[in-house]
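J.: Okay, here's the prediction I keep looking at, along with the sequence it came from:
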Amino acid sequence: LPVTYHTTTPSVISIANGQVSIIGSGAAVVIASQAGNNDYEPAQDVSRTFTVRRATLEVRADDKTKVEGTDNPALTVTYSGFVRNETVAVLTQRAVPTTAVTRSTPAGSYPIFPGSAAAANYTMNYTNGTLTVTAKPRQPQTIDFPVISAKTYGDADFAAGATATSKLAVRLTSLTPAVASIVNGQVHILKAGTATIRAEQDGNNDYLPATAVTRSVVIGKATITASPQNASKVYLDPMPAIVIRYAGFVNGEDAGVILTAPVVNTAANQQSSAGVYRIRLSGGTAENYQFRYTEADLTITRRAQQLQFAAPAGKVYGDADFTLTASAASGLPVSFVSETPDVVAVTGATVRILKAGIARIRAEQPGNNNWEAAAPAVQRFTVAKAALTITAEDKTKVQGTDNPPLTVSYSGFVNGDDAGDLQTAPAVSTT
């Protein structure tokens, strides 16, 4: 007898004329039946179950191309593997492709992700596409780099002034890093000399790299003022050390950067006469400084002097003229003055005794251009009286007559003196 078939899963399969047609995926149930006839009882139904797997649907992101700097093209996907003449209409979720590429993404190849799709009877197999970003035709650009005016060591950091026609930032490089460096886009001076700066612009998506331009700038030495200080000394003293003061150092530097100290020049020496002499400087050197010199005065003052005046020995009225002895530390001639001109007279260094008494003689040295006047020196000495012998002369008379005139004789007068020079004549008497 013929067997008939039916299903309890009509969404998965259908059965017609004993043929099973697959409609969907999932578990399918087929039941076999035989209703019997006059000779046979109906047979017990027999059920069989099998699985209908989902078909594979290829979901591929379509390759795309664009020029860098432009908007992304519309992204699409292609499906392949539909069965039973089905189309995208059977999808319960369509794939939405995506990419990380933006307007600013540089030229290159980048993945397009197809996104996710869904359908009741399909298993999805995804394939990425490629978004090719082609290079945008770039415009040429040039660098305008004006001549840099001369600078001086110690000047502040300065902008070099280079610009690009693209308006893009210009990169500076020092080709003389010992002379100048680039700090935060500005030129920083390190020492005196000639600095060479290169300006570059590498371009971007819109502009080609610019031709580099170099400029040189002369970094002049800073000026320091070297000033000798006024000084003084006494005639014949050793020359004093001349103090030099400096002004104008930059960058926190001091005299320690001087390579050769200035030389002190003056017309004076240890033996120079008293007066005022100019002090001048020359010859200083420093790597980053030039020198400006001022002048000062060296004043040589007169030297003090003392007198050595030996005291004359005691004299006696009538002694011969004698010579005084005195000397000055300067070696200059000493003059003498009698402070008791009635007792002694002084001519040059010769003393003449005029009378007995206390004599005072003053030695003087008035100095000159190089020597101060010496303090006067006074010496005293005694001129003793000369010894005069008075002798009563013998006389004779007759007894009873008057005494004859009594007279005396003198012995010992000096200097042409005689009895007429006596202040009081001696009285002569007899018993």
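T.: That came through fine. Numbering: from 1, shown residues only.
J.: List the contacts of T391.
T.: For T391, the set of contacting residues under the criterion of CB atoms under 8 Å, 6 or more residues apart in numbering consists of 408-411. Just so you know, the C-beta spots here come from the backbone N, C-alpha and C atoms, and that holds for glycine as well.
J.: what's it sitting at in phi/psi?
T.: In terms of degrees, to the nearest 10, the main-chain angles of T391 are phi -120, psi 120.
J.: how near is it to P42?
T.: From T391 over to P42 the distance is 221 Å, taken as CB to CB, to the nearest Å.
J.: in the sheet, who's paired with I197?
T.: Under the criterion DSSP bridges, I197 forms beta bridges with S174, R215.
J.: how close does it get to A180?
T.: 7 Å.
J.: These two: which is more packed in?
T.: A180 (26 against 22; other CB atoms under 10 Å).
J.: What's the separation between that one and F249?
T.: Applying CB to CB, one obtains 20 Å for the distance of A180 from F249.
J.: Equivalent analysis for A386, please.
T.: A386 sits 85 Å away from F249, going by CB to CB.
J.: Same question for G36.
T.: When CB to CB is the yardstick, G36 and F249 sit 127 Å from each other.
J.: which of those two has more neighbours?
T.: Comparing G36 with F249 by other CB under 10 Å, the one with more neighbours is F249, at 18 against 10.
J.: For S21, give the beta-bridge partners.
T.: In this entry, S21 is beta-bridged to S14, by DSSP bridges.
J.: quick one on the thing from earlier: now neighbour count too, for the contacts of T391, in TSV please.
T.: Compiled in TSV, the contacts of T391 are given as follows (neighbours: other CB atoms under 10 Å):
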residue	neighbour count
V408	14
S409	10
Y410	14
S411	9
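J.: and which of those is nearest V316?
T.: For the contacts of T391, the closest approach to V316 (CB to CB) belongs to S411, at 15.8 Å.
J.: so what's the closest residue to the closest one other than its chain neighbours up against?
T.: Here the nearest residue to S411 in space, its sequence neighbours aside, is T389; by CB to CB, 6 or more residues apart in numbering that works out to 4.2 Å. The neighbourhood of T389, defined by CB under 8 Å, 6+ apart, consists of 410-412.
J.: Which residues are in contact with the nearest residue in space to V243 that is not next to it in sequence?
T.: Beyond its immediate neighbours in the sequence, the residue positioned closest to V243 (CB to CB, 6+ apart) is Q229, lying 4.4 Å away. By CB under 8 Å, 6+ apart, the residues touching Q229 are 242-245, 296.
J.: Give me the buried subset of the residues you listed.
T.: Restricting these to buried positions leaves 242, 244, 296, with burial counted as 16 or more other CB atoms under 10 Å.
J.: hang on, isn't Y153 packed against A180?
T.: No. Y153 is beyond contact range of A180, at 10.4 Å (criterion: CB atoms under 8 Å).
J.: joint contacts of these two?
T.: With CB under 8 Å, 6+ apart, Y153 and A180 have common neighbours 189, 219.
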